[in-house]
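Visitor: Dropping the sequence and predicted coords here.
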Amino acid sequence: MNKKILIVEDNSDIAELIIYHLEKEGYFVTWVENGEEALIFLENMPCDLLILDLMLPSISGFEVLSLLKSNFKFKAIPVIIESAKTEDVDIVKCLQIGAEDYLTKPFHPKELLARIKKVIDRIDQSKEKILTFCQGVISIDPSNREVSVQGNLINLTSIEFSILEFLARNSNKVLTRDQMIDFIWADKNQVTTRVIDVHVNYLRKKLNSCSGFVRTIRGVGYIFQPDTK
C-alpha cells in the first residue's frame with residue numbers, strides 16, 4: 001500500500017519540488033502551509049509520515065513537533081525535519097522531542113527520498129510481535145512503538161525507542177555506535193557518536209529499574225543484557 005505523506009512547508013517552491021519527487025515514487029502527498037492546518041488535517045486524516053519545516057508562520061515547527069509527540073493519538077507518526085537551521089542545538093532539540101531525522105536546507109530531493117525510505121522501512125520491519133524480557137519486566141511493542149517497565153508505559157522519544165529496539169533485537173551482542181547510527185539515521189555523516197551517548201543516557205534514566213540492562217562497552221558501544229542488572 002502506498003504511504004501517505006504530509007508536508008508542512010510555507011515555501012511553495014520547496015513544497016512543489018518535494019511533492020514532484022515524492023509522487024514520482026508513488027507516495028500520496030498532501031501539502032499544508034502552516035502548523036494550524038497540519039494539526040487540523042491530522043485530526044481528520046491519518047498519515048504515515050510528516051515532513052516538517054521549523055520556521056513556519058504563527059506556530060513554529062518546534063511547537064508542532066512538541067504537540068504531536070505529547071499527544072497519544074499522533075506520537076507514533078514519524079517526523080522528518082527539513083530546515084535552514086543548521087545549529088547543533090536545533091538538531092539535538094528536535095531529535096530529543098521525537099523527530100526521526102533532520103535534513104538541513106538546501107538539500108537534494110534524492111537525499112530526502114533516501115531518508116524517507118529509511119524511516120518507513122524501519123517502521124514496517126517493526127510491525128511484529130511484542131518483545132518481552134525477564135518474564136515481562138520489560139516489554140517492547142514495535143507496532144505501537146511503546147515500552148513498558150513492570151507494567152507501566154514509559155515515554156520514549158522516537159530515537160530512544162529505535163535505540164532500545166535495535167539493542168533488544170540483538171540482545172547479548174555488543175553493538176558499535178556506528179552500527180546504531182546506521183540503523184537509525186539515513187545520513188550517518190550528520191550524526192556524531194556523541195549523539196548516541198546522549199540518547200542512551202536519556203534512555204537509561206527513563207528505564208528506571210531496568211536501566212542496568214543497557215551496558216556500556218568502553219571504547220566500543222553498547223550491549224542489551226536483560227539478565228544482568
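Guide: Nice, I can see it.

Visitor: Tell me, how many residues neighbour residue 30?
Guide: 15 (other CB atoms under 10 Å). Heads up, the C-betas are built off the backbone N, CA and C, glycines and all.

Visitor: residues contacting the most centrally placed residue in the chain?
Guide: Nearest residue to the geometric centre of the chain (CA atoms, centre = their mean): residue 100, 2.5 Å. Counting by CB atoms under 8 Å, 6 or more residues apart in numbering, residue 100 touches 78, 79, 80, 119, 158, 159.

Visitor: which non-adjacent residue is nearest it?
Guide: In space, and not counting its chain neighbours, residue 100 is closest to residue 78: 4.4 Å by CB to CB, 6 or more residues apart in numbering.

Visitor: check contacts around that neighbour.
Guide: 48, 49, 50, 100, 119, 120, 123, 158.

Visitor: How much space separates residue 23 from residue 30?
Guide: From residue 23 across to residue 30, the span is 11 Å (CB to CB, to the nearest Å).

Visitor: related to what we said a few turns ago, tell me which two in the contacts of residue 78 are the farthest apart.
Guide: 48 and 158 (13.9 Å; CB to CB).

Visitor: who's more crowded, those two?
Guide: Neighbours were counted for residue 48 and for residue 158 using other CB under 10 Å; residue 158 has more, 23 against 19.

Visitor: which residues does the residue lying closest to the more buried one once chain neighbours are set aside contact?
Guide: Closest residue to residue 158 apart from its sequence neighbours, by CB to CB, 6+ apart: residue 98 at 4.8 Å. When contacts are counted by CB under 8 Å, 6+ apart, residue 98 touches 65, 68, 69, 75, 79, 157, 158, 159.

Visitor: closest to residue 138 among the residues you listed?
Guide: Distances from residue 138 to the contacts of residue 98, taken by CB to CB, are shortest for residue 157, at 17.4 Å.

Visitor: Look up how far residue 172 lies from the spatially closest residue to the closest one that is not a sequence neighbour.
Guide: Of all residues not flanking residue 157 in the chain, residue 98 sits nearest, at 4.3 Å (CB to CB, 6+ apart). Separation of residue 98 from residue 172 (CB to CB): 28 Å.
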